[in-house]
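A.B. asks: Here is a sequence with its predicted model. Questions after.
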Amino acid sequence: MIHVTCDLCGHPIENPKAHFRVEIEIFPMQQDNPMVEEDLDQDNLEHIAMMISDPEAVEPLPALTKSKFDLCTKCAEKFQRNPLSREADSSVNFSDN
Ligand SMILES: [Zn+2]
């Protein structure tokens, strides 16, 4: 039996229906080779294949991280409402610019 515990509150998650997975990817918005739909036409496929065959040509993005978390129902709901764990503080003012 797989034993899963909630990564936020640490409680064991016994019911698979109460098991939620959160995946967070962090990557720089500015990429040298952004994969947009236009890149998928024939000319660019060759270009991409060329880049793949030459590992020196493609540097991995340095800041890229991917994290996975197991959450119970409560923590998943909490996370959905407040993904960045910001304080529910009304004194934070975004509008003054
Ligand atoms: Zn939890």
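C.D. replies: Alright, I've got the coordinates.
A.B. asks: After the one helix or strand in the chain whose mean pLDDT sits lowest, which helix or strand is next? Please name it.
C.D. replies: Least confident helix or strand of the chain, by mean pLDDT, DSSP states H and E, is helix 42-53 with a mean of 64. Remark: after helix 42-53, the chain's next helix or strand is strand 65-71, criterion DSSP states H and E.
A.B. asks: For that next one, buried residues please.
C.D. replies: 70, 71 (16 or more other C-beta atoms under 10 Å). All C-beta spots, glycine's among them, are computed from the backbone N, C-alpha and C.
A.B. asks: Mind listing residues that contact it?
C.D. replies: Residues outside strand 65-71 that contact it (C-beta atoms under 8 Å, 6 or more residues apart in numbering) are 4-8, 13, 19-26, 79.
A.B. asks: Now do the same for residue 78: helix, strand or coil?
C.D. replies: helix (DSSP: H, G, I helix; E, B strand; the rest coil).
A.B. asks: again with residue 17
C.D. replies: helix.
A.B. asks: ditto for the one 5 residues further on
C.D. replies: Assigned with three-state DSSP, residue 22 falls in the strand class.
A.B. asks: That one bridge partners, please.
C.D. replies: residue 69 (DSSP bridges).
A.B. asks: Residue 10: which element?
C.D. replies: Per DSSP H and E, there is no helix or strand for residue 10.
A.B. asks: Close to the ion: what parts of the chain are there?
C.D. replies: Residues of the chain that fall close to the ion, judged by C-beta under 5 Å from the ion: 6, 8, 9, 72, 75.
A.B. asks: Check what pLDDT the second one gets.
C.D. replies: So that's residue 8. Model confidence at residue 8, given as pLDDT, is 95.
A.B. asks: same question, the fourth one
C.D. replies: Looking at residue 72, its pLDDT reads 97.
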